[in-house]
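Q: Kindly return the folded structure for what I paste below:
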Amino acid sequence: MLKMMTWMNLNFQNPNSMNLFKLIMFNNMLMIIMLNILIILLLMMKFNMKNKFNNKKMYNNQIMEFMWTIIPMLLITMIMMMSINILFYNNEMKKNFINIKIYGNQWFWNYEYPMMNKSFNSYLMMNTNYNFFMLETDNNMIIPFNYQML
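A: Numbering: from 1, shown residues only. A predicted model of the protein is given here:
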């Protein structure tokens, strides 16, 4: 089931391409990592504020120093690998049937078909008879069915 963007929606729309699906998964992974780091830091601050005594192992602990050096390096490497994978996947030159450039302006959309030297503007219709207010336009974009596009 496809969902449409609504007011106060915190999620992305359902992806229509593999590129967007990978970007959403990458964003979810980054959010999980950042939330875990934030929770760990907040818990450490809470216990350091509550604890009145100093821990001697905290000042000279080789294992802990090794871990807080290695774990961030592993996290950065994991983020880097996923990011590079998505970057190469997005820059891959494909044999497309048609290319479409879409520019969003303040009050209208500009569509260009560079291979056919065609372009047109699509303005919002201010008709309140539709169920979707300010989503209907006067010129619809025409795309082929079952062809790869970029």
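
Q: Helices along the chain, start to end?
A: 18-50, 56-59, 62-91 (DSSP state H).

Q: what is the mean pLDDT for the shortest one?
A: Right, the one you point to is helix 56-59. When pLDDT is averaged over helix 56-59, the result is 65.

Q: And the protein, what are its domain boundaries?
A: By the assignment in automatic domain parsing, the chain contains the domains 18-91, 97-150.

Q: which one of those lies closest to Trp7?
A: Smallest distance to Trp7 across those (Cβ to Cβ): 11.9 Å, for domain 97-150. All C-beta atoms are positioned from the backbone trio N, CA, C, and that covers glycine.

Q: what's the offset of that closest one from the middle of its chain?
A: 23 Å (Cα atoms, centre = their mean, to the nearest Å).

Q: Same question for stretch 84-102.
A: Relative to its chain's centre, stretch 84-102 lies at 17 Å (Cα atoms, centre = their mean).

Q: Residues touching that stretch, excluding its own?
A: Defining contact as Cβ atoms under 8 Å, 6 or more residues apart in numbering, one finds that stretch 84-102 is touched by 18-19, 22-23, 26, 109-116, 141, 143-144, 147-150.

Q: now do 7 Å
A: Residues outside stretch 84-102 that contact it (Cβ atoms under 7 Å, 6 or more residues apart in numbering) are 19, 22-23, 26, 109, 111-115, 143-144, 147-150.
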